[in-house]
Each structure stands twice: as structure tokens, then as C-alpha cells.
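Student: next come a sequence and a model predicted from it.
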Amino acid sequence: MKNLKADVVVIGTGPSGLAACVEASEAGMSVIALEKQNVSGGAANMGMGPLGIGTRHQQDQMVDIDVERAFKMFMEYTHWRVDANMVKRYFEASAGTIEWLESLGVEFAGAYKYFPKSEATWHIVAVNGGIGRNGGAIMNKHMLDRAQENGVEVMYETPAKKILRDDEGKICGVDAVDKDGEEIHIDCKAVIVGTGGAGDSPEYMKERMGYTYGKDLFNIVIPGLKGEGIKMAIEAGAATTEMTVEKIYILPFSDFGPQSVPVTFMQPNLMVNVQGRRFINEEMMQNTTFTGNAIQIQKGAVGFSILDQKIVNGYKKKGLDVVNFVHHVDNIDDFEQACDDIINDPNNPDVVKADTLEELAEKLGIEDVDTFLETVEEYNDMCESQDTLFYKPSKFMKPIEKAPFYAGIFHPSGYGTLGGIKIDDKCQVLDDDWNAIPGFFACGTDTCTIYGDSYMFLLPGNTMGYCVNTGRFAGEAAADYVDELDD
Ligand SMILES: Cc1cc2nc3c(=O)[nH]c(=O)nc-3n(C[C@H](O)[C@H](O)[C@H](O)COP(=O)(O)OP(=O)(O)OC[C@H]3O[C@@H](n4cnc5c(N)ncnc54)[C@H](O)[C@@H]3O)c2cc1C
């Protein structure tokens, strides 16, 4: 057993834990950060950037979102079922946090929308001076560097196992185990949990949210996110919260393959369910949460995006209807070849191709082929007038007529889980009576219940934004607590 000592122990070094490390160490605390993996950054290493509201970038780009409009929009969206004080504090802090990240060396490509009807709150971290995927890793590296410059000791491959409280109920230590199996005990005055939720725990997702992984949810798994911080916090007396999934929809086996395939199937064309009926205004396919929700409640939790060769040819010639930064291609010239490769891979059941609509329906397992054929006929008729079923704009109404026909088989997915540990707007962990547990703080997705039942893509960058900002709040609050304790 190794015995160590620190003012503050931070559990998890994703964006929330790293921000907490920087803030606590800047305030003069000695900090040990425990990280289960051999790298820092967590899920955010795959992301592109955090939310900011009222930033210099938005001013430069003439984006007119401000805290008041964002707050009102957000609270209406969530029906006021979330912590309004936390939302207000987070939004108000977000512009300063973008500047704070810049002061650590992070460069932003600018403030962007996720899709046309969203707001330009997504501050995409510059990759090679422009927009690229995975800028989140660059942001994390800058926070890590500053934390280490400030003397934070990051212990890799050293998962925390237990959070300890003394006889008075105050936080007094953390137990962990290093990669060689040696037990570590750290005496400390405050603990900050930021372990990123339970997106890699099918058991947890079943138990807390009722999903069966690989059946009605195909979560993007970030290895190691097992809900350990949430479990440890509850064992140490924290109250728990509702948990949800940051819902999206994907082609589970091809989403990270040639991008022409997901990009083309995510265009706002005809989508049907297993009963052969439309169930969404496909314009919504740009909002991945709304579409994930709509697919989730269909029979079998599946949705089929239908294309014909004429639509594909049109996209090749004139470009796509809708573009975004996550799934981005310069052209879709390899679409047919990529589809054939997927179809020929027996382990990759995401795409189907057929010479007739009847054959397509059969390959998709559509239960009522006649209903499907009627849906296509009605849809094609509406393409000549207007969508009287779900009011999709006419510019997106393209008939399904010319063989071969293609279908992309979409399932609900998630970027991870949200919620689990109950906190207040100071990031203090609360017990079942809503009393703050002395010295106990939490941040990031382990605590994130501010979206209610559905993630808010209308203000993009929202999870990473919440994580970095609450990490900062938790780091500051822990330092204040330790200072008061020492006085
Ligand atoms: C593909 C992808 C793209 C995304 N893009 C964006 C985006 O552009 N903008 C946005 O706002 N959001 C985005 N997100 C979401 C965002 O990245 C996450 O919400 C965010 O990373 C969560 O931060 P966190 O600090 O709470 O947890 P995480 O980033 O998950 O970090 C948690 C850390 O805790 C560690 N840990 C776990 N258990 C223990 C333990 N017992 N002891 C010690 N350490 C432990 C983990 O190893 C991990 O390093 C994206 C997510 C994904 C998957």
C-alpha cells in the first residue's frame, strides 16, 4: 500500500476533470489526478469543440446569440424541468471559458452551427488552422499541459476505487489501484469526480435507462466509461439523478467507414419504419437527437432511409442537400462502390440495395410490403405538390423512382450517458436531503441533467461546454472549500 497526500483529488481527466485540475492548482492547491486509462481527454478527444455564448468569435462573425436569448430558448426547450441556476451560470461563464481556453493556448476556428436551424454556439477547435475532427484532443492537451506546469500529478492507469469520508462526514481520502495492482491511499480534503458516465457499461445502461445495447441502442463506446464515478459517489452518500443518453442515430457498422455512405443516407429523403410508414419530417434528420428519439420509438427501434439512383446522381452532380462538419465529404463519387463493399461484408448489415421496391422491402424485412409501396406512391405524389403529412419543405421532396434503390438502416445511438450524481450549481455533491457533502464536488457528464430528456443540439457544443465549465466551477469551489477549512 502506497500512501499519498494532496489537498484535492480529481477522479478522471476528461475535459471536466482537466478543467478542475487547472482551476484548483491555479488557486494554489496540491492536486493529484487519477486516470484509469493511459491517456487524458476521455470522450472529448473525439469531439470538435465546446459551446460559447457571447464570445468575440460570435461578434466577429456577426452571430447574434446572447445569454438571454439562449437561456430563454433553453428553458422553454427543457420545460423548466432542469436547474435554471446552473444553466444560467454555465451560459454566463461560457464566453469567459472560451477566452480562458485561449489563454491556455487553444485556438478556435470560429463559432459554428451544427445544422442550419441550430445556433452558432459551437466553438470548433482549430486543427491545422482550420476545421477538422478531433480538435477536442488539442483542447485537452492544453489543459493537461497547464495542469502539469502547475504541479498537478496525473497518475495514469490508476482507477479510483473508493471515496472516503471521516466521522464528521467530511471527505478525507480516496483509494485507488495502480497498473501493477498496488493499492494506493490518498489523504485529501476535497474530491472532484468527473468520470464521464457509463457509456461503456451495457449493464448500467440496462439497469438505469432500460436500453439493451446492440438491440435498441448502439452506443458509441468510449472504452472504460463504466459509471464508476457515479457508483463510488452513491456509495459515499451522494444522491442520484435520472440518467439519459446523449441521443444520436447511426449506421452502427459503417458510421466510421467511408463517409459518403452515412453522409448520403443522412440527407433528408424518405425514411420509413419496419411497418413501411413514414414517421418523421425528414428535414429533422439534421437534428441527430430528434431523429434518434423518433427512431427509438419505432417498432424494433429502426428507421430505413431510402434513396434511388436519380437522387444519388443528383447529389453527385449538384452536391448534397445538407452538409455538416461531423460527417463531411468533398464529394460522394465512391458512394456506390462503398455501398457494394458494405453489402458484401456479411458482418455489416447497414446497407441494402435492390432493383425493385418490393425486393428492397423484402431485404429490409418490412412487415407490410403493400403499405410500403403505398407510402412510396403517396410520397412521390407529394413531391409534385407538397408534403401534407409532415410538412417537409418542398426543396427536400425528391421522388423514389429509378432503380437501383438503396436503404441505410439506422439505429439509435448515443455519445454517452448524462446524469447520475446530484449536484447544485456550485458543483457540490448533495445527499438525499439535498445537503452538500463537505469536500465533495462533481462535474461533467456524471452530473449533467440540464437537458432534461433530450440533448439540446440547437445550441451545439453543449456537452463539452457543460463539462469544461462545470469542471472549472468544481475546481474553484474545491479550492475555496479547502481554503476555508485551513483558516
Ligand atoms: C465521437 C464524439 C464526439 C463528440 N463531440 C463533441 C463536440 O464536438 N462537442 C461537445 O460539446 N461534445 C462532444 N461530445 C461529447 C463530449 O466529448 C463529452 O460529453 C465529454 O467528453 C464528457 O466529458 P467528461 O469530462 O464528463 O468525461 P470524459 O471525457 O468521458 O472523461 C472521463 C475520464 O474519466 C476516466 N475515468 C473513468 N473511470 C475512472 C476511474 N474509476 N478512475 C479514474 N479515471 C476514470 C476516463 O478514463 C476518462 O478519461 C462528443 C462525444 C463523442 C463520443
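Tutor: Done, it's in. Small disclaimer: the values here were computed from a predicted structure and weren't measured.
Student: so what does the host helix or strand of residue 465 touch, helix or strand wise?
Tutor: Assessed by DSSP states H and E, residue 465 sits inside helix 462-486. Applying 3 or more C-beta pairs under 8 Å, 6 or more residues apart in numbering; DSSP states H and E, we find helix 462-486 packed against strand 8-11, helix 15-26, helix 84-103, strand 190-193, strand 405-418, strand 436-442. Any C-beta I mention is one placed from the backbone N, CA and C, and that applies to glycine too.
Student: tell me how far stretch 89-102 is from the chain's mean position?
Tutor: When distances are taken as C-alpha atoms, centre = their mean, to the nearest Å, stretch 89-102 is centred 19 Å away from the chain's centroid.
Student: who's in contact with it?
Tutor: Residues outside stretch 89-102 that contact it (C-beta atoms under 8 Å, 6 or more residues apart in numbering): 50-57, 67, 70-71, 74, 108, 123, 139, 142-143, 425, 450, 465-466, 468-470, 472-473.
Student: do stretch 49-66 as well
Tutor: By C-beta under 8 Å, 6+ apart, the residues outside stretch 49-66 that reach it are 15, 67, 70, 91, 94-95, 97-99, 101, 108, 110-111, 119-125, 135-136, 139, 459-462, 464-469.
Student: those also near the ligand: which ones?
Tutor: Applying C-beta under 6 Å from any ligand atom to those, one finds that 15, 136, 461, 462, 464, 465, 467 fall near the ligand.
Student: among the residues you listed, who's most crowded?
Tutor: residue 15 (35 neighbours; other C-beta atoms under 10 Å).
Student: do you know how far it is from residue 339?
Tutor: 36 Å (C-beta to C-beta, to the nearest Å).
Student: cool, residue 487 as well?
Tutor: Distance from residue 487 to residue 339, counting by C-beta to C-beta: 67 Å.
Student: which one's more surrounded, the two?
Tutor: Using other C-beta under 10 Å, the more surrounded residue of residue 487 and residue 339 is residue 339, with 26 against 5.
Student: list the contacts of the more buried one.
Tutor: Counting by C-beta under 8 Å, 6+ apart, residue 339 has contacts 261, 351, 353, 406.
Student: what's around the second one, how many residues?
Tutor: So the one you mean is residue 351. Neighbour count of residue 351, defined by other C-beta under 10 Å: 22.
Student: quick check: which of the helices and strands packed on helix 462-486 is nearest to residue 205?
Tutor: Nearest of the helices and strands packed on helix 462-486 to residue 205, taken as C-beta to C-beta: strand 405-418 at 6.9 Å.
Student: hmm, back to that, sort out which of the contacts of residue 339 are in helices and list them.
Tutor: residue 261 (DSSP state H).
Student: mind checking which of the contacts of residue 339 are buried?
Tutor: Neighbour counting with 16 or more other C-beta atoms under 10 Å marks 261, 351, 353, 406 as buried within these.
Student: show me which of the residues you listed is closest to the ligand.
Tutor: Nearest to the ligand among the buried ones among the contacts of residue 339 is residue 261, at 17.2 Å by C-beta to the nearest ligand atom.
Student: wait, residue 267 sits on residue 324?
Tutor: No: using C-beta atoms under 8 Å, residue 267 is not in contact with residue 324, being 10.9 Å away.
Student: looking at those two, which is more packed in?
Tutor: Set residue 267 next to residue 324 and count neighbours by other C-beta under 10 Å: residue 267 wins out with 22 against 18.
Student: regarding the more buried one, what is its secondary structure?
Tutor: With DSSP: H, G, I helix; E, B strand; the rest coil as the basis, residue 267 sits in coil.
Student: right, I'll call it a day here.
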